[in-house]
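In: Just a sequence and a predicted model for now, questions to come.
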Amino acid sequence: MKKTTVVTAAAAMAAAITSAPAFAQSSVTLYGIIDTGVEYFTHATPTGGSVARMPVVGGGDVPSRWGLRGAEDLGGNLKAVFTLESGFSASNGALQQGGRLFGRQSYVGLSGPWGQLTFGRQYSMTNWGMTDSNIIGAGGFGGLASFDPYLLAARFDNDVVYMGTFSGVTVGASYSTGRDSSTAGNCPGQTGSDFLACRAISAMLKYEGNAWGVAATYDEQRGGAGATAITVVPGAPGIAFTKSSDTDRRYQLAAHLNISSVRVGAGWLHRLVEGDARSAKVDIEYLGASVPYGAWIFDAQVSHIGDSAYDANGTMGTLRANYNLSKRTALYGVFAYMKNSGKEGIYSVSASSAVPAAPHPGSNQLGVEFGIRHLF
């Protein structure tokens, strides 16, 4: 009798374990990128001197980062998800994003057939809208952050984000109750009874087909008491942004086309800033292409900014070659040339760096970088 009881109990336990995975399956992935190199700039100081250095931001081609990504199957096609992602500088080990431990992403939420709803520090829809069309990228050497530093860090604190994809159409929206909690940004949220202070919203409608895609996004940030001035031209005095009625709005259209293995991307970003006592209007356009050839990937992009409010216009051409040593490791070289025009044109090909090598107003700049990138 005792033997029968033990066998029966063991069978019942085995059956319970067999039926449990639907409620116990979970995974955590450690991932990251280490990217750095050596860069050289002409006209890199107000007196016209040149500079050679290692990148002083997260990386040269793409920003360095490491992170943890996890999911738990809750059953019924419902999952709990989270991401913790930290940005750092490979040249000196320093944290990026204002010294935050998980400054790139830090969120938790739920995912299902209806989409994904997450809470925490997350990307704006501006970032997701240009992912496929912006060939060079925003944060790397010679990227669009040279014209608009926000594109290097298009993300918000205290953010609620929804994204869902249905038959190739992706719908996204975000709402932040306080867009920047860092000491440098100083816009953490509501002040007194002012519910609009430091608010931020973004929205996206995107279609991805077999050979082409198109996206439209809207992004709005509000000012607040003590908030940092809004940068319009990197290195130039910003626009005071201390009232909740102040707005910084970006409208974006982006598209890409795949022709065999070649990708062509283009986009337009229109920005309107209404500050305490000054306003600005900015237009950025870009056109690029990416061509793989064996172990090589060749990229090229031309971008332009028009900013009459500051009399600062710029045109930048960027060429990049990546050689894949393996699926995880690549060597690369980047060549970028910035042509500034206007009395306040001080755009630099290095403006995505924490320490831009800004030229003298109106002067041009040539930059070259060689580096190595490893994914894990």
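Out: It's in.
In: quick one, what contacts V232?
Out: For V232, the contact set (C-beta atoms under 8 Å, 6 or more residues apart in numbering) comprises G238, I239, V273, A280, V282, D307, A309, Y310. In short, each C-beta sits where N, CA and C put it, glycine included.
In: go on, S290?
Out: Contacts were defined as C-beta under 8 Å, 6+ apart; by that measure S290 touches I135, V262, R263, G265, I297, F298, D299.
In: Who does it form a beta bridge with?
Out: Each beta-bridge partner of S290 is listed here: R263, D299, as defined by DSSP bridges.
In: Doesn't T126 belong to a helix?
Out: Yes: T126: assigned to a helix according to DSSP: H, G, I helix; E, B strand; the rest coil.
In: follow-up on the earlier one: would you mind checking the contacts of S290 for buried ones?
Out: By the neighbour-count criterion of 16 or more other C-beta atoms under 10 Å, the contacts of S290 include these buried positions: I135, R263, G265, I297, D299.
In: How about the first one: what's its closest non-neighbour residue?
Out: Closest residue in space to I135, ignoring its immediate chain neighbours: G288 at 3.3 Å, by C-beta to C-beta, 6 or more residues apart in numbering.
In: okay, now that neighbour: neighbour count?
Out: Using other C-beta atoms under 10 Å, G288 is surrounded by 22 other residues.
In: Next one: it from V262, what distance?
Out: When C-beta to C-beta, to the nearest Å is the yardstick, G288 and V262 sit 11 Å from each other.
In: Contact partners for T247?
Out: Under the criterion of C-beta under 8 Å, 6+ apart, the neighbours of T247 are E220, Q221, R222, G223, L272, V273, E274.
In: Nearest to N127 among these?
Out: The shortest distance between N127 and any of the contacts of T247, using C-beta to C-beta, involves Q221 and amounts to 13.8 Å.
In: what's the burial count for the closest one?
Out: Around Q221 there are 26 other residues, counting by other C-beta under 10 Å.
In: So which bits of the helix or strand where it lies are buried?
Out: Under the criterion DSSP states H and E, the helix or strand holding Q221 is strand 212-222. With burial defined by 16+ other C-beta under 10 Å, the residues of strand 212-222 counted as buried are G213, V214, A215, A216, T217, Y218, D219, E220, Q221, R222.
In: correct me, but the fourth one touches W128?
Out: No: shown here, A216 and W128 do not form a contact pair, counting by C-beta atoms under 8 Å, at 11.5 Å.
In: Quick one: mean pLDDT over the strand holding Q221.
Out: Along strand 212-222, the predicted confidence averages to a pLDDT of 98.
In: which residues are contacting that strand?
Out: Under the criterion C-beta under 8 Å, 6+ apart, residues 124-126, 128-130, 132-133, 154, 179, 196-207, 244-258 lie in contact with strand 212-222.
In: How about stretch 164-175?
Out: Everything outside stretch 164-175 that qualifies as a contact, by C-beta under 8 Å, 6+ apart, is 114-116, 122, 124-125, 128, 156, 159-163, 199-209.
In: Got a ChimeraX select line for the buried ones in those?
Out: Filtering those down to the buried ones (16+ other C-beta under 10 Å) takes a single ChimeraX command:
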select :116,122,124,125,128,156,159,160,161,162,163,199,200,201,202,203,204,205,206
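In: From the contacts of stretch 164-175, which land in strands?
Out: With strands defined by DSSP state E, the entries of those inside them are 115-116, 122, 156, 159-163, 200-208.
In: Low-confidence stretches in the protein?
Out: Judged against pLDDT under 70, the low-scoring parts of the chain cover residues 1-24, 56-60, 351-355.
In: quick one, helices of it?
Out: 2-19, 125-129 (DSSP state H).
In: coming back round to it: which among the contacts of V232 gets closest to S91?
Out: G238 (27.0 Å).
In: Give me the number of neighbouring residues for the residue lying closest to the closest one once chain neighbours are set aside.
Out: On the basis of C-beta to C-beta, 6+ apart, the spatially nearest residue to G238 that is not a chain neighbour turns out to be A229, at 3.2 Å. Residue crowding around A229 was assessed by other C-beta under 10 Å; the count is 15.
In: And A229, how far from V169?
Out: Here the distance between A229 and V169 works out to 38 Å (C-beta to C-beta).
In: if I read this right, P356 contacts S348, doesn't it?
Out: Yes: the criterion here is C-beta under 8 Å, and P356 meets it with S348 at 4.8 Å.
In: shared neighbours, these two?
Out: Taking C-beta under 8 Å, 6+ apart as the contact criterion, the common neighbours of P356 and S348 are P234, G235.
In: the more surrounded of these two?
Out: S348 (25 against 22).
In: and that one, what does it touch?
Out: Residues counted as contacts of S348 (C-beta under 8 Å, 6+ apart) are F41, A44, S146, P234, G235, M338, P356, A357, A358, P359, Q365, G367.
In: can you rerun that using 6 Å?
Out: Counting by C-beta atoms under 6 Å, 6 or more residues apart in numbering, S348 makes contact with P356, A357, A358, Q365.
In: okay, now the third one: neighbour count?
Out: Translated: A358. Here the number of neighbours of A358 (other C-beta under 10 Å) works out to 22.
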